[in-house]
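Undergrad: Quick one: sequence and predicted model below, then my questions.
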Amino acid sequence: MSQSYWQPNRYRRSAALFDKARAIIPGGVNSTARATWAGWDPHPLFIDHGTGSKVTDIDGNEYIDYLLGLGPMLLGHRPPAVTQAVVDQIERRGTVFALPAADETVLAEKIRRAVPSMERVRLCNTGTEAVLYAIRLARAYTGKTKIIRFEGMYHGFSDGIYWSKHPNPETAGPELAPRPVPQGPGLPPGVGDGLIILPWNDVHALRETLAREGDKIAAVITEPIMCNTGCILPENGYLDALRTLTDRHGVLLIFDEVITGFRIALGGAQAHYGITPDLSVFAKGLGGGFPVACMGGRADIMALVERGKVSMAGTYNANGIAVAAANAALDVLAKPGMYQRLYNVSDRLRDGLTRLIRDLRVPAHVVGLGPVFQVWFSREPIRNYREAARYADHEAFRLWWEGMLNRGVLFHPGAYENLFVSFAHTADDVDRTLAAARETLSEMLVG
Ligand code: PLP
C-alpha cells in the first residue's frame, strides 16, 4: 500500500507479544477474525482490559470501542449486573452438573417473551452450534436436503455451511447463480452439493430457484440484515418476499440473528421488520459477553427435538455461567427505555458520520440500523456481496481505520465487518468519535 498512518511506536508491546504468541499459537491468534490476513496487519492489538465503552491495550492506549468483541459486549465491558450474576453462580452454586436447573426454564421463558416466534427454545454455547442444529432440524422436519444460503453471509464455521462467505468472484460462478465455494481445504466436497448459493436482495433469483427446486429445499437461511459483508440492509419487501415464497414451497425460513438478536430490538430484527421465521438462532447479544446461544422456533418443528428424534447434545449446553449471564443480561435489556437510549446514541453517531461525509464530499456512505453499521468507501450503493466485491475501496477503508485508531477509536480493520454501539456508549463518546472522524477524513482527502 502506498500510504499509511500506522504508528509502530504506539504498539510496541503488542508487537512483542504477537511475536511470542506466533511461536506457539498458529497465526498468533485463536480465531480467524483476529489474524493478520483478516486485516490486523502487521499484528493485532493485545488488550489489557475493558470497562464500559472503552478498552485499553497493553501499550496503555485507550480506545472508544466499536469492535465490542465482534458483538457480544452489547452491554459494554464488564456490565455490573452480569458480572455479579456470574460471580454469584460460581461462588455459590457451581458451573456444570449435566442435570437441569430451574434457571434454564426461567431463561427460556424470557427469550420467548422477548421473541414470540421462539415457541420452544434450546440453549447451547455458540452461534455455530445453533446454526448447525437449526439446519439439521430443518432437514429432518421437511424430509428434504438442500439449503439455500446467500453469498457473503457467515453462519459459523461448521462443514455444512462454511461455504461462499467471501469467495473470489472470478471463480465463484455467475453473479445470479453462484456456485458453492468452500471456505478452504478440508471441507468435505460433497457437502457443497447440498447448498444452493444465491445473491441476496434478489427476489427474482429466489423465486426462480424455489419454483425449480422447491421440492428438494429444506430451508432458506439468512441474516435479516447482512452483517458479514459490511452492513447491507434488506430492500423494501425483500424479507416479506422471503417469507411468502418459502411458505408457498413448504421450505422453512431460518433467521440467523446471531448479530441482530437483542441488538436491533429486544425481539431482534424479526420484531423490527415484522417477519416471523420458522426457526431462529441467537448468540452474541444474549449473554452480556459470556458464551451462550440458543436455537428455537415453531413448536411443531421443535417437537422433533422433544421426542429425541433430532439430537441436540452438548456437555456445556445451559451451563451455570451461561444461564446466569443470559438471565442477568435479559433483565437489563428488558428494562423500559433501554433501546430508545441505544438508538439515540447510535443515530447520533450514524447521522453525524453521514453529515461529515457529505460536508467533506468523501466518496463513502454509512449503512446500518441502530447500533450496527458500516462505512462503505464506495460511490455506488451496495446491495449484495458481488457489488461489495466490485465497489468497496479496501485501501481507503484501511486508511480510515488507521486514522481512527491513532485517535483512540477502535473497530475492526476489515471493510466487511461492522461497527457496534453498546448500551454503555454515551453522547460524549459519539462526539469524540465524530471529532476523530472529521480529522481522519480530512487527512485522507489531503492524501
Ligand atoms: N452467524 C452469524 C450471523 C455470525 O455473525 C456468527 C459469528 O460471527 C456466527 C453465526 C457464528 O457464531 P459463533 O462465532 O458464536 O460460533
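TA: That came through fine. Numbers count the residues shown, from 1 in each chain.

Undergrad: Surely Val181 and Pro167 touch.
TA: Yes - under the criterion of Cβ atoms under 8 Å, Val181 makes contact with Pro167 at 3.8 Å. Quick note: C-beta positions are derived from backbone N, CA and C, even for glycine.

Undergrad: Please verify my assumption that Asn406 contacts Asn9.
TA: No - between Asn406 and Asn9 there is no contact, the gap being 11.1 Å when judged by Cβ under 8 Å.

Undergrad: the more surrounded of those two?
TA: Taking other Cβ atoms under 10 Å, Asn406 and Asn9 do not tie; Asn406 has more neighbours (17 against 7).

Undergrad: Who are the contact partners of Gly314?
TA: Remark: with contacts taken as Cβ atoms under 8 Å, 6 or more residues apart in numbering, Gly314 is in contact with Cys124, Asn125, Glu129.

Undergrad: Helices of the stretch 101-250 of the chain, start to end?
TA: With helices called from DSSP state H, counting those that start in this stretch, the stretch 101-250 of the chain shows them at 102-114, 127-142, 203-213, 238-248.

Undergrad: buried residues in the first one?
TA: Within helix 102-114, the residues that qualify as buried are Asp103, Glu104, Leu107, Ala108, Lys110, Ile111, Ala114, counting by 16 or more other Cβ atoms under 10 Å.

Undergrad: Out of these, flag the one nearest to the ligand.
TA: Among the buried residues of helix 102-114, Ile111 lies closest to the ligand (Cβ to the nearest ligand atom), at 16.4 Å.

Undergrad: these two touch, right, that closest one and Ser117?
TA: No - counting by Cβ under 8 Å, Ile111 does not reach Ser117; the two are 10.4 Å apart.

Undergrad: And the pLDDT for the nearest residue to Ile90 once chain neighbours are set aside?
TA: Using Cβ to Cβ, 6 or more residues apart in numbering and skipping residues adjacent in sequence, the residue nearest Ile90 is Ile321, 6.9 Å away. The per-residue pLDDT reported for Ile321 equals 98.

Undergrad: Same question for Ser2.
TA: The pLDDT attached to Ser2 in the predicted structure is 66.

Undergrad: How about the residues of the protein by the ligand?
TA: Residues of the chain that fall close to the ligand, judged by Cβ under 6 Å from any ligand atom: 70, 126-128, 131, 154-156, 223, 228, 256, 258-259, 283.

Undergrad: Filter the residues you listed down to just the buried residues.
TA: Using 16+ other Cβ under 10 Å as the burial test, the residues of the chain next to the ligand include 126-128, 131, 154-156, 223, 228, 256, 258-259, 283 as buried.

Undergrad: give me every residue that touches the spatially most central residue of the chain.
TA: When the chain is reduced to its mean C-alpha position, the closest residue under Cα atoms, centre = their mean turns out to be Ile259, at 3.4 Å. Listed by Cβ under 8 Å, 6+ apart, the contact partners of Ile259 are Gly71, Glu223, Ile225, Cys227, Asn228, Lys284, Gly285, Val372, Asn418.

Undergrad: Sort out for me which of those are in strands.
TA: The strands, defined by DSSP state E, take in Val372 from these.

Undergrad: Which residue comes closest to the residue of the stretch 251-400 of the chain found nearest the ligand once chain neighbours are left out?
TA: Minimum separation of the stretch 251-400 of the chain from the ligand (Cβ to the nearest ligand atom) falls at Val258, amounting to 3.5 Å. With Cβ to Cβ, 6+ apart as the measure, Gly127 is the residue that lies nearest to Val258, at 3.8 Å, once sequence neighbours are left out.

Undergrad: mind listing the strands for the stretch 151-300 of the chain?
TA: Listed in chain order, the strands of the stretch 151-300 of the chain (DSSP state E, counting those that start in this stretch) span 195-198, 217-222, 252-256, 279-282, 293-297.

Undergrad: Could I get the average pLDDT for the third one?
TA: The predicted model assigns strand 252-256 a mean pLDDT of 99.

Undergrad: Then the first one?
TA: Mean per-residue pLDDT for strand 195-198: 98.

Undergrad: buried ones in the longest helix belonging to the chain?
TA: Secondary structure assigned by DSSP state H gives helix 338-360 as the longest helix of the chain. Of the residues in helix 338-360, those buried by neighbour count under the rule 16+ other Cβ under 10 Å are 339, 342-343, 345-350, 352-354, 356-357.

Undergrad: Kindly reformat the helices of the stretch 101-250 of the chain as TSV containing mean pLDDT.
TA: Conversion of the helices of the stretch 101-250 of the chain to TSV gives the following (pLDDT from 0 to 100):
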stretch	mean pLDDT
helix 102-114	98
helix 127-142	98
helix 203-213	98
helix 238-248	98
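
Undergrad: which residues of the stretch 301-447 of the chain fall in strands?
TA: The residue ranges that make up the strands of the stretch 301-447 of the chain, judged by DSSP E, counting those that start in this stretch, are 365-369, 372-376, 409-410, 419-420.

Undergrad: what's the most buried one of those strands?
TA: Comparing these on average neighbours per residue, with mean count of other Cβ atoms under 10 Å, the densest one is strand 419-420 at a mean of 28.

Undergrad: what lines up beside that strand in the sheet?
TA: Pairing partners of strand 419-420, with direction, according to DSSP bridges: strand 372-376 (antiparallel).

Undergrad: from the middle of its chain, how far away would the strand it pairs with be?
TA: For strand 372-376, the gap between its own C-alpha mean and the chain's C-alpha mean amounts to 13 Å (Cα atoms, centre = their mean, to the nearest Å).

Undergrad: before we move on, what about stretch 232-240?
TA: With Cα atoms, centre = their mean as the basis, stretch 232-240 stands 18 Å off its chain's centre.

Undergrad: Give the buried residues for it.
TA: When neighbours are counted by 16+ other Cβ under 10 Å, the buried residues of stretch 232-240 are found to be Ile232, Leu233, Pro234, Tyr238, Leu239.

Undergrad: Would you check that the fourth one makes contact with Asn201?
TA: Yes - Tyr238 is within contact range of Asn201, at 5.5 Å (criterion: Cβ under 8 Å).

Undergrad: Contact partners for Arg10?
TA: Asp59, Asn61, Asn406.

Undergrad: just checking, the first one touches Arg12?
TA: Yes - under the contact definition of Cβ under 8 Å, Asp59 touches Arg12, with a separation of 6.3 Å.

Undergrad: can you give me the helices in the stretch 301-447 of the chain?
TA: With DSSP H, counting those that start in this stretch as the criterion, the stretch 301-447 of the chain has helices at 320-333, 338-360, 385-391, 394-406, 427-446.

Undergrad: Could you say which one of the ones you listed comes nearest to Arg212?
TA: Each of the helices of the stretch 301-447 of the chain was checked against Arg212 via Cβ to Cβ, and the shortest separation belongs to helix 385-391, namely 21.1 Å.

Undergrad: What is the distance between the closest one and the centre of its chain?
TA: For helix 385-391, the distance to the chain centre is 19 Å (Cα atoms, centre = their mean).
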